[in-house]
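Colleague: Just to be clear, the model below is a prediction. Sequence and coordinates:
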Amino acid sequence: TWGSLLEIKMQKLEEQKVSLSAQDAAPAQKAASIEEQYSHKGNMKTAKVRNTAAAAKQITAEQLIAESHAHRADDVVAPKQRIQDEEELEDYKLRRRTEFENAVKRQRIHVGNWLKYAKWEETIGEVVRSRSIYERTLEVDPRNVTIYLKYAEMEMRHKFINHARNIWERACRTLPMTDQLWYKYGYMEELLGNYANAREIFQKWMTWKPGKNAWWAYLKFEERMGEISNCRRVLNEYIDAYPELETYVKAAKFEEKLKNREGARDFYEKAIKELGERALDEKFFLQFIKFERRNWEMERVRTLYKFGLEHIPKDRAKHLYDAYIQFEKEHGSKDSIENVILTKRRHFYEQEIAKNALNYDNWFDYARLEESANEIQRAREIYERAIANLPPIEEKLHWKRYIFLWLNYATFEELYAKDSERAKKVFEKIVQLIPHEKFTFSKLWIMYARLFIRQKELDNARKIFGLAIGKCPREKVIRAYISMELQLGNVDRCRKIYEKYIEIFPENANAWIQYGQLEQSLEEIGRARAIY
């Protein structure tokens with residue numbers, strides 16, 4: 001038997017040698033075949049004939065996917081393991097703990113592995129071990145909010161209230177700007193009925209100057225407790241921390257919900273007084289107006305509309321203006337509706353003036369609008385704003401419309417405002433403003449002098465005419481001066497003025513003719529002949 005075994009063994013060894021030699025020869029044969037393929041014409045590649053016709057049966061990608069899906073193997077399901085005794089349980093615990101420990105060693109900073117570990121310990125009733133794992137996790141990442149939340153919730157689930165309280169304290173001390181921790185802490189104390197502790201938590205929280213929602217949560221807590229005085233204290237502190245329109249509106253709505261109308265109105269009025277220009281917001285005024293309308297205070301509503309439209313820029317008060325028009329149609333009288341129309345026209349002119357302040361026609365129309373409404377002070381303000389817009393260059397063509405603004409202003413002061421002293425000051429200013437060495441306006445001097453004539457101040461009128469002739473002599477001014485003196489019967493003065501006239505304009509034939517006609521009308525034939 002031993003001999004037969006040896007023979008079999010030797011045969012197997014020889015077969016292995018033959019197979020190995022065949023394997024060694026295979027690469028050489030393959031290389032030879034490759035050489036034969038490429039041996040034609042030196043190193044040139046020989047083209048092989050291939051059948052490029054389409055296959056009789058075509059296979060699509062969809063068929064391949066469908067077949068693979070149909071023949072896929074079922075998912076491997078781990079077998080259910082039933083623990084029969086305590087020894088198997090301990091063995092299972094040891095195995096799972098080893099897995100978790102290895103996982104947290106591999107990825108120490110991966111908080112998810114730690115939380116799964118702690119959760120598993122909790123599920124098997126090992127609260128102390130779970131607590132220990134949470135503490136180890138906090139050593140890894142002491143500023144992770146999720147760890148504190150899971151840790152405290154675990155303690156609360158097992159009714160370890162003092163432990164949970166300590167965790168919340170640690171969390172709020174470590175991460176005081178995380179609102180969620182304070183919310184949870186206060187909510188826990190409120191559920192336990194420790195309202196004093198919950199109030200103390202909110203007070204500590206407010207010292208860190210949290211967001212608006214935190215203050216609102218504090219207010220809602222006091223409201224649930226029925227402490228209205230505390231609610232008002234919180235509202236005042238809230239406004240001090242965030243002096244904004246939104247804060248005042250929330251406080252006013254809270255008071256309105258308590259049916260304290262005076263308190264709500266007080267918050268709205270304080271917003272306007274304390275915030276100043278920041279309170280000039282269309283939405284805020286609309287909310288204030290809605291509040292007054294709910295209380296049927298129509299005169300207050302009208303006052304608020306007027307105040308808002310006067311102080312809010314026109315481009316930001318469109319909805320407020322539309323609401324005002326609708327309000328006056330419902331509750332207003334004829335005068336109030338006319339006032340609304342007047343306000344609309346004012347708004348239009350303000351927009352046009354904002355586009356181009358040098359378009360003096362808009363200023364004329366705006367001023368006439370105020371004059372027709374008998375708004376003396378408003379019209380005066382419009383004129384003052386208009387004359388502040390000087391023409392860009394010193395040319396008479398550009399100054400014509402501007403000078404008429406001054407003339408209209410002076411006429412308004414004399415005829416509408418009945419203030420001749422103001423009219424005189426207007427003329428004085430414009431006379432000083434015009435560059436007379438370049439150009440002047442005869443109409444200005446004549447109207448200036450006639451103002452004094454109407455006031456029966458003839459000497460001042462003569463001074464104005466004399467000033468005009470001395471500074472910038474114009475024929476119209478001289479003729480107006482002669483006409484005044486002739487109407488007064490001062491022939492000698494007329495002769496002197498004519499002498500000055502022909503002295504300044506000797507080439508003007510009309511001046512000589514008019515002078516001669518004057519003497520002829522006085523039957524001074526010799527004088528007339530001498531003039532001609």
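Modeller: Okay, I see it.

Colleague: Flag every buried residue along stretch 466-479.
Modeller: Across stretch 466-479, burial judged by 16 or more other C-beta atoms under 10 Å covers 467-469, 472-474, 477-479. For every residue, glycine as well, the C-beta is placed using N, CA and C.

Colleague: which among these gets closest to Ala61?
Modeller: Cys472 (99.3 Å; C-beta to C-beta).

Colleague: For Leu94, see how far away the closest one is.
Modeller: In this structure, Cys472 and Leu94 are 116 Å apart, going by C-beta to C-beta, to the nearest Å.

Colleague: Which ones among the buried residues of stretch 466-479 lie within strands?
Modeller: Using DSSP state E, no member of the buried residues of stretch 466-479 falls within strands.

Colleague: any chance of these in JSON lines, plus pLDDT and distance to Arg378?
Modeller: Supplementary listing: those in JSON lines, determined by pLDDT from 0 to 100; distance: C-beta to C-beta, whole Å:
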{"residue": "Leu467", "pLDDT": "83", "distance to Arg378": "34"}
{"residue": "Ala468", "pLDDT": "81", "distance to Arg378": "33"}
{"residue": "Ile469", "pLDDT": "83", "distance to Arg378": "38"}
{"residue": "Cys472", "pLDDT": "80", "distance to Arg378": "35"}
{"residue": "Pro473", "pLDDT": "81", "distance to Arg378": "40"}
{"residue": "Arg474", "pLDDT": "81", "distance to Arg378": "35"}
{"residue": "Val477", "pLDDT": "80", "distance to Arg378": "34"}
{"residue": "Ile478", "pLDDT": "80", "distance to Arg378": "39"}
{"residue": "Arg479", "pLDDT": "82", "distance to Arg378": "38"}
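
Colleague: Reformat the residues you listed as CSV; add distance to Tyr238.
Modeller: Output for those, formatted as CSV (distance: C-beta to C-beta, whole Å):
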residue, distance to Tyr238
Leu467, 69
Ala468, 70
Ile469, 75
Cys472, 70
Pro473, 75
Arg474, 72
Val477, 72
Ile478, 78
Arg479, 78
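
Colleague: Which of these fall within helices?
Modeller: Residues of these located in helices (DSSP state H): 467-469, 477-479.

Colleague: For stretch 271-285, which residues meet the burial criterion?
Modeller: By 16+ other C-beta under 10 Å, the buried positions in stretch 271-285 come out as 271-272, 275, 279-282, 284-285.

Colleague: do stretch 412-428 as well
Modeller: In stretch 412-428, counting by 16+ other C-beta under 10 Å, buried: 412-414, 419-420, 423-424, 426-427.

Colleague: tell me which residues in stretch 219-238 are buried?
Modeller: 219, 221-223, 230-232, 234-235, 238.

Colleague: Just the C-alphas of stretch 216-227, formatted as PDB.
Modeller: Extracted C-alpha coordinates of stretch 216-227, given in PDB (Å, rounded to 0.1, in the frame of the first residue of the first chain):
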ATOM      1  CA  TRP A 216     -41.900  87.900  24.300                       C
ATOM      2  CA  ALA A 217     -41.600  84.400  25.900                       C
ATOM      3  CA  TYR A 218     -41.000  86.100  29.200                       C
ATOM      4  CA  LEU A 219     -44.100  88.300  28.700                       C
ATOM      5  CA  LYS A 220     -46.200  85.200  27.800                       C
ATOM      6  CA  PHE A 221     -45.000  83.400  30.900                       C
ATOM      7  CA  GLU A 222     -46.100  86.300  33.100                       C
ATOM      8  CA  GLU A 223     -49.400  86.400  31.200                       C
ATOM      9  CA  ARG A 224     -50.000  82.700  31.900                       C
ATOM     10  CA  MET A 225     -49.300  83.400  35.500                       C
ATOM     11  CA  GLY A 226     -51.900  86.200  35.500                       C
ATOM     12  CA  GLU A 227     -49.300  88.800  36.700                       C
END
